[in-house]
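A.B. asks: Take a look and give me a structure for this.
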Amino acid sequence: MRVVFAGTPEFAAAALAALLDAGVEVALVLSQPDRPAGRGLRTSASPVKALALARGLRVATPSTFSARGDAQAAAAAHALLRQAAPDVLVVAAYGLILPQSVLDIPRGLPDAGCGPITAINIHASLLPRWRGAAPVARAIEAGDRETGITIMQMDAGLDTGPMLLREALPIEPADTTATLTARLASLGGRLIVQALTEAAAGRLRATPQPVSGVTYARKLDKSEAWLDWREDAQTLARKVRAFDPFPVAAARSGNLQLRIWRAHATDGAGAPGTVLWASAQGLAIACGVGALVVTELQRPGGRRLPVREFLAGARIEAGRCFELPTR
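C.D. replies: Take a look at the predicted model:
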């Protein structure tokens, strides 16, 4: 079986590593072009590209597959994929839209009930819940108790294809997007190997996604980072976990700007945004209902610090008010 793999972040790199460790032939790896990253904004390869190069694989970083943008670049990308002559395309958090013309290039694996399997996606949710760009963060933000991995047969829609394999994973109370994504990545790697093995043997059966229960996980935006203290404390605590590692929950009081990494809800009452108490155990800030106790925070450009160390160098007292974002 010849596979072309398309992916970009660590989540996808875990799946690529699982395929390689299982002895799957990966003829070509596609990933997003190198981009500036980190505090120094140095141009660096994606985790998938870095792994592929380390394993001696052929790598390409096309900018588009859509003729609507750059027709010449799209034609070159299509030609590259055809030259690789894959049986199947495996996609995981790639970041580029793949038109039907791309999905039709692979020869395909045996029909599982919805036509030959030419392209498979590893999606980090229990579809049809949380289709879209940020399923892990949105599941935590919404207070879901479980999520999982869905291996789906791709079509031209946004995560709308029939399901081939599906396995649930509990969301732990302390999970952040970073920790939950890491666990889902491991599960995704195991399931994609299983899916390809069973598909090649004709043992997979596709299941159409239910019509009901569809939700969309819109892409995270930096503007969401600013906590609205009029919301209840439980909601804000979930946002703190959902926004780790990006965009990171934030708050502002005058010239003081904070990035909030760890926090939990507790009882408390006061005008939203008002500091109720500050101690080595936390910084309690009144919310619409209850209070948010911040236990790990950071100044922009500074180090992440437990609240005890942070308060040793910053004067924050009861009665101080954090700003309410404009609605």
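
A.B. asks: From now on I want contacts and neighbour counts done on CA atoms only, so please keep to that.
C.D. replies: OK.

A.B. asks: Next one: Ala291, what pLDDT does it get?
C.D. replies: Here the pLDDT value assigned to Ala291 is 98.

A.B. asks: who are the neighbours in contact with it?
C.D. replies: Neighbouring residues of Ala291 by CA atoms under 8 Å, 6 or more residues apart in numbering: 232-233, 265-269, 284-285.

A.B. asks: Could you rerun that using 6 Å?
C.D. replies: 233, 265-268, 285 (CA atoms under 6 Å, 6 or more residues apart in numbering).

A.B. asks: Phi first, then psi, for it.
C.D. replies: Here the main-chain torsion angles of Ala291 (degrees, to the nearest 10) amount to phi -140, psi 150.

A.B. asks: For Ala269, see how far away it is.
C.D. replies: Using CA to CA, to the nearest Å, Ala291 is found at 7 Å from Ala269.

A.B. asks: Also Val214?
C.D. replies: Val214 sits 36 Å away from Ala269, going by CA to CA.

A.B. asks: Next: Arg303.
C.D. replies: 30 Å.

A.B. asks: go on, Leu30?
C.D. replies: Per CA to CA, Leu30 is found 52 Å from Ala269.

A.B. asks: just checking, what's the longest strand in the chain?
C.D. replies: The longest strand of the chain (DSSP state E) is strand 256-266.

A.B. asks: packing partners for that one?
C.D. replies: For strand 256-266, the contact count by 3 or more CA pairs under 6 Å, 6 or more residues apart in numbering; DSSP states H and E identifies helix 233-242, strand 249-253, strand 291-298 as packing neighbours.

A.B. asks: which neighbours does the helix or strand following that strand have in its sheet, and in what orientation?
C.D. replies: Per DSSP states H and E, the first helix or strand lying C-terminal to strand 256-266 is strand 275-279. Partners of strand 275-279 in the sheet, by DSSP bridges, are strand 282-286 (antiparallel).

A.B. asks: Identify the residues contacting the strand it pairs with?
C.D. replies: Taking CA under 6 Å, 6+ apart as the rule, strand 282-286 contacts 269-270, 272-277, 291-295, 307.

A.B. asks: Need those in CSV (columns: distance to Val3).
C.D. replies: Formatted as CSV, those follow (distance: CA to CA, whole Å):
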residue, distance to Val3
Ala269, 57
Gly270, 58
Pro272, 54
Gly273, 53
Thr274, 56
Val275, 55
Leu276, 57
Trp277, 57
Ala291, 51
Leu292, 48
Val293, 48
Val294, 46
Thr295, 46
Val307, 49
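
A.B. asks: Which one (most neighbours) among those residues?
C.D. replies: Highest neighbour count within the contacts of strand 282-286: Ala291, with 30 neighbours (other CA atoms under 10 Å).

A.B. asks: and the residue nearest to the spatial centre of the chain, what does it touch?
C.D. replies: Nearest to the mean C-alpha position of the chain, by CA atoms, centre = their mean, lies Ala134 at 5.0 Å. Residues in contact with Ala134 (CA under 6 Å, 6+ apart) are 217, 219.

A.B. asks: Show the pLDDT at it.
C.D. replies: pLDDT for Ala134: 98.

A.B. asks: now it: how far from Trp261?
C.D. replies: Distance from Ala134 to Trp261, by CA to CA: 19 Å.

A.B. asks: And the longest strand of the chain, what's buried?
C.D. replies: Residues of strand 256-266 classed as buried: 258-266 (neighbour count, 16 or more other CA atoms under 10 Å).

A.B. asks: And for Leu109, the neighbour number?
C.D. replies: Number of residues near Leu109 (other CA under 10 Å) recorded here: 19.

A.B. asks: Can you name the residues bridging to it?
C.D. replies: Bridge pairing for Leu109 - DSSP bridges - gives Ile117.

A.B. asks: Pretty sure it sits against Ile120.
C.D. replies: No. Counting by CA atoms under 6 Å, Leu109 stays clear of Ile120, with 10.2 Å between them.

A.B. asks: out of the buried residues of strand 256-266, who's nearest Leu53?
C.D. replies: Checking those against Leu53 by CA to CA gives Trp261 as the nearest, at 33.5 Å.

A.B. asks: any idea how far Gly132 is from that closest one?
C.D. replies: 25 Å.

A.B. asks: What score does Arg39 have for pLDDT?
C.D. replies: Looking at Arg39, its pLDDT stands at 64.

A.B. asks: one step back: looking at the helices and strands packed on strand 256-266, spot the one closest to Leu51.
C.D. replies: For Leu51, the closest of the helices and strands packed on strand 256-266 is helix 233-242, at 26.8 Å, according to CA to CA.

A.B. asks: Not counting its own residues, what contacts the closest one?
C.D. replies: Residues outside helix 233-242 that contact it (CA under 6 Å, 6+ apart): 137, 140-141, 176-177, 249, 263-265, 287, 290-292.

A.B. asks: Since that was my last question, I'll sign off now.
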